[in-house]
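# predicted model and sequence below, questions to follow.
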Amino acid sequence: MTDMRVRIGSIELQNPVMPASGTFAEGLASVLPFDRLGALVTKTITPEIRGGNPTPRVCEVGQGMLNSIGIPSKGIDHFIDETLPFYRQFSSPLVVSVSAPSADGFAAAAARLEVPGVAVIEANISCPNLEEDGKAFAMYARSTERVVSKIRRATRLPLWVKMTPNTGDVAAVARAAEHAGADAVVVANTILAMSIDVETFRPRVGNIMGGLSGPAVKPIVLRMAYQCAKAVSVPVIGCGGIMTTEDAVEYMLAGASAVQVGTATFIRPLTMLTLIDGLADFCRRKGLARVTDLVGAVRDHDMEIDVIEAAT
Amino acid sequence: MSQPIISRTATKADGVAFTAPEVADTVGVAVAHNPVNAAYRHLVLEAPTPAVLARAGQFFNLECPHTPTDKPFLRRPMSLYRADPAAGRVEFLYKVTGVGTRGLAALKLGRPLRMLGPLGNGFDIPDAARAIVVVGRGVGLATLAPLADMAATRGIAVTAILSARTADLVMSVERFTAAGAQVEVVLDSDGTSAPAQIERRLRALAEAGRADALYSCGSSRLMTLLQALGRELGIAGEVALEQQMACGLGMCHCCVRNISVDGAIEARRVCIDGPVFKLNEALP
């Protein structure tokens, strides 16, 4: 029997598998028992009411998905009154993803969410659709440190900070988040991308640019998870293109203490259950008593990184 | 072969209840798969669990097979064409238009197909209705066909106005006739599909007391016509809408359409708030 428990800062999860924000909602309960998940992660909520981006909001690009949803949100009061009661019925801890257009807005939102039923704040400072040209706090260490510090002072809840892959130095941004008080970093959000319909000459999503997810991004985000795990001492949560047990194992070997599954759920809604069982089986097969034995167990000690860009 | 359905009805101590719809993540097996005409194909799946659950207007999210040239990544939403609980079968009528439907067209007899559903809400016929009119075009006819079955089982008369470009592209006449519908084919090729012509026909049906509710799918133009007429004559109705979709379960917010609710325009998810919307709330 593999010990599947993992610890992320002050909280313990029954297993390391949870949904990625934006790919999980009440509707999945009709096919997947939420109590089996390591944690539940909400779609990002914002203090302000947002309509989201124009359609089309999605297109597939090879073995990946390009989305430009634009964080539609009915606001925090609506979340607390209408959505939170639904999630309180489950035993898995609830991670509430939050975003705001300003550092003060983030702090105020986090403070509002310190209510029963919310176990963790995940600060989505990395969504590529938020600002013009996809700019976000998480692109730079300085803006990350500033916003995370403000959130940290505003709430006693555990604080996870979601990295963007759309930065030149993700490890520096992760260090800034850790320095400012993050309890974990989630690596990472979607990769800013674009696709054009060559018949109509039109961009294939309504926001022109969107976020790429799915297996297409996995090697890139895995590299970032590895870099972040080397750079910080708080737990890293891997998120990017995980479809199979082996993908999850790879992230954990790279240093992730837990994983988030997103796009895969759209294709196979029970993927997270498959991964929970698959990780236990994998550990048994490898003779590992605990799933945490995988964390950072990549055998790279006798190897050196010889590419400057990858060495940050 | 099929996985268990989890139907959860949870009632919170503080009174908040959530009843999850019955959805199965299951595997169907192709038992018939034939071209209907140059563009459309008819697929019959053995799928006992969803066959019992599926209602007119609902849809399934299908994991379309890969071929050497087409590798669909996301699932494809597909309207229910027929559900036969006794035979344990679910049918689809679809147009081959792109990567996903080309992949689906390659599904061989006896081969499995992953299917999630039934999803979304279905059509609703008002209790007082004795006769309804369905007006559809193209693949929209597939969505409306099970509505004719539903009406038949309730002893409600159906007039089905089937619109197509040319006579050889008219589909499902037998399907609607078998359900007891009065079928009227209108074509672009002879001008009978012109909105003014259909409007005349609809007014005559309303006059004759044969239009207690109006239903539409597959044409923005026909929907607009029905909306105007419904408003003028005080006839309620429903329309099934489409949108590019990913998850099918209301999680990703990809498939929104603007819906007019009490004068305000709101983005609603086609997969979970629809795909069937009130005729007077839908926007083209």
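On my side now, so go ahead. Numbers count the residues shown, from 1 in each chain, chains lettered A, B, ... in the order given.

# rest of the way, CA atoms for contacts and neighbours
Noted.

# look up the pLDDT of residue 75 for me, please.
Chain wasn't specified; assuming chain A. At residue A:75, the predicted lDDT confidence score is 95.

# not quite, go with chain B.
We have a pLDDT of 97 for residue B:75.

# residues in contact with the nearest residue to it once chain neighbours are set aside?
Counting by Cα to Cα, 6 or more residues apart in numbering or on different chains, the nearest residue to residue B:75 once its immediate chain neighbours are dropped is residue B:63, at 4.6 Å. Shown in contact with residue B:63 (Cα atoms under 8 Å, 6 or more residues apart in numbering or on different chains): A:267, B:74, B:75, B:76, B:113, B:114, B:115.

# now residue A:228
Neighbours of residue A:228 in contact, by Cα under 8 Å, 6+ apart: A:170, A:171, A:174, A:175, A:187, A:236.

# which secondary structure element is home to the residue in the stretch 151-300 of chain A that chain B sits nearest to?
Nearest residue of the stretch 151-300 of chain A to chain B: residue A:266, at 4.3 Å (Cα to the nearest Cα). If you go by DSSP states H and E, residue A:266 is part of helix A:263-267.

# so which residues on the stretch 51-200 of chain B come close to chain A?
When proximity is defined as Cα under 8 Å from any Cα of the partner chain, the stretch 51-200 of chain B approaches chain A at B:63, B:71, B:72, B:73, B:74, B:75.

# quick one: list the elements packing against the helix holding residue A:266.
Judged by 3 or more Cα pairs under 8 Å, 6 or more residues apart in numbering or on different chains; DSSP states H and E, helix A:263-267 is in contact with helix A:271-286.

# ok, 10 Å please
strand A:17-19, strand A:209-213, helix A:271-286, strand B:59-62, strand B:112-119 (3 or more Cα pairs under 10 Å, 6 or more residues apart in numbering or on different chains; DSSP states H and E).

# mean neighbour count, these: which tops it?
Here the criterion is mean neighbour count by mean count of other Cα atoms under 10 Å in any protein chain shown, and of the helices and strands packed on helix A:263-267 the winner is strand A:17-19, at a mean of 27.

# going along the chain, name the strands of chain A.
All strands of chain A, identified by DSSP state E, fall at A:6-8, A:11-13, A:17-19, A:40-41, A:58-60, A:65-67, A:94-98, A:120-123, A:159-162, A:184-187, A:191-194, A:209-213, A:236-239, A:256-261.

# between those, which one is closest to residue B:144.
Using Cα to Cα as the measure, strand A:58-60 is the one of the strands of chain A that comes nearest residue B:144, at 26.4 Å.

# parallel or antiparallel, list what pairs with the closest one.
The strands beside strand A:58-60 in its sheet (DSSP bridges) come out as strand A:65-67 (antiparallel).

# what distance separates stretch A:38-47 from the centre of its chain?
Offset of stretch A:38-47 from its chain centre (Cα atoms, centre = their mean, to the nearest Å): 10 Å.

# which strand residues bridge residue B:90?
Taking DSSP bridges as the rule, residue B:90 bridges to residue B:45, residue B:83.

# pull the number of nearby residues for it.
Residues near residue B:90, counting by other Cα atoms under 10 Å in any protein chain shown, number 26.

# pLDDT value on it, please?
pLDDT, residue B:90: 98.

# isn't it right next to residue B:52, touching?
Yes - counting by Cα atoms under 10 Å, residue B:52 is a contact partner of residue B:90 at 9.2 Å.

# common neighbours of the two, please.
B:83, B:84 (Cα atoms under 10 Å, 6 or more residues apart in numbering or on different chains).
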